[in-house]
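In: can you look at this prediction? I've put the sequence above it.
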Amino acid sequence: MTEQELLETLTRVVTTMNQTGVRFAVGGGCAVYARGGPPSDHDVDLFLKEEDLPVAVKALVAAGLRAVEPPEDWLSKVYDGDRLVDLIFRPNYRPVTDELLDRASLMRIGPTAAPVLSGTDLLIDKVLVLEAHRCDFTPLLRVARDLREQVDWRRVTEETAESPYAAAFLGLLEALGIIERRETPMPETPQYLVAHLTKAIAEDPRTAELGVRVTVRGDHVHLSGEVACENRKAELDAVVRDYVSTELVHNDVRVSDSREPTHHEDLR
């Protein structure tokens, strides 16, 4: 597919989508091209909310495109002849939201104009695609060079923190001087945070507890287990909140009943 053919399909899709009232943003290679990056000859990517997908597909089919049911559960596909259009509602298993669409900018893309994902959201999406079987940094390096002034690299770091492949790519960008070295360290992965907090609870003189379990679910830290008294449970909160903000800590630790047995119990 040539660049001209891709832009023709993009124009047809954007014109149709503008008549539906459905909010969308152009992503992928077309968005990179709109923001000054290398041209794309692969496919057209549109980002939209999942609840708007049926309306979008119906309108595009009515405009002459052909719908195909894909095996993936995070997008739908339509074809303009042999030119693929991906309708993406859950990129990298993160839902498309109004906030993401709000950050898009209306930009010229060849003969049409359309909302285009922000440079930051584009890089987050592309970096999160990296994995063991898709770890080619070469095309991403050029995109990062061309768009670097349009990207909030701190947010990219934060939102890709759980990916070791993203960490490696961002480290390479720093080493090559494409981006500045970040002043703040990379956020800890859940595994490192669990180990860090477990060690702190065991070694801090306020707690010195080895029987407390730390679990990280998303941004939230959950404490479970058993301690001897209410004061010790309160101290656990204090120790953990030296590292994690208050609203993200859930202390479900139980206080054991260490009271002396009653006289009646002694006689049994």
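Out: On my side now, so go ahead. Keep in mind that this is a model prediction, so the values were computed, not measured.

In: could you measure from residue 154 over to residue 240?
Out: 25 Å (C-beta to C-beta, to the nearest Å). Quick note: C-beta positions are derived from backbone N, CA and C, even for glycine.

In: looking at these two, which is more packed in?
Out: Counting neighbours by other C-beta atoms under 10 Å for residue 154 and for residue 240 shows that residue 240 has the greater number, 23 against 12.

In: quick one, what contacts the more buried one?
Out: Applying C-beta atoms under 8 Å, 6 or more residues apart in numbering to residue 240 gives the contacts 197, 200, 201, 214, 221, 223, 249, 251.

In: cool, and residue 252?
Out: With C-beta under 8 Å, 6+ apart, residue 252 has these contacts: 222, 223, 224.

In: tell me which element the last one is part of?
Out: Looking back up the chat, that one is residue 224. Residue 224 belongs to strand 220-227 when elements are defined using DSSP states H and E.

In: ok, and what's touching that strand?
Out: With C-beta under 8 Å, 6+ apart as the criterion, strand 220-227 contacts 193, 197, 209, 211-216, 233, 236, 240, 244, 248-256.

In: pull the distance from it to the chain's centre.
Out: Average the C-alpha atoms of strand 220-227, do the same for its chain, and the two points are 26 Å apart (C-alpha atoms, centre = their mean, to the nearest Å).

In: what about that strand, average pLDDT?
Out: Strand 220-227 comes out with an average pLDDT of 85.

In: quickly run through the sheet partners of that strand, with directions.
Out: Pairing partners of strand 220-227, with direction, according to DSSP bridges: strand 212-217 (antiparallel), strand 249-251 (parallel), strand 254-255 (parallel).

In: what are the bridge partners for the closest residue to residue 229 other than its chain neighbours, then?
Out: Nearest non-adjacent residue to residue 229, counting by C-beta to C-beta, 6 or more residues apart in numbering: residue 255, 6.2 Å away. Beta bridges link residue 255 to residue 227, judged by DSSP bridges.

In: burial check on residue 255, number of neighbours?
Out: 13.

In: what sits against it?
Out: Residue 255 makes contacts with 226, 227, 228, 229, 230, 232, 233, as judged by C-beta under 8 Å, 6+ apart.

In: go again using 7 Å as the cut-off
Out: Applying C-beta atoms under 7 Å, 6 or more residues apart in numbering, we find residue 255 in contact with 227, 229, 230, 233.

In: in CSV: the strands paired with strand 220-227, plus mean pLDDT.
Out: Conversion of the strands paired with strand 220-227 to CSV gives the following (pLDDT from 0 to 100):
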stretch, mean pLDDT
strand 212-217, 84
strand 249-251, 85
strand 254-255, 86
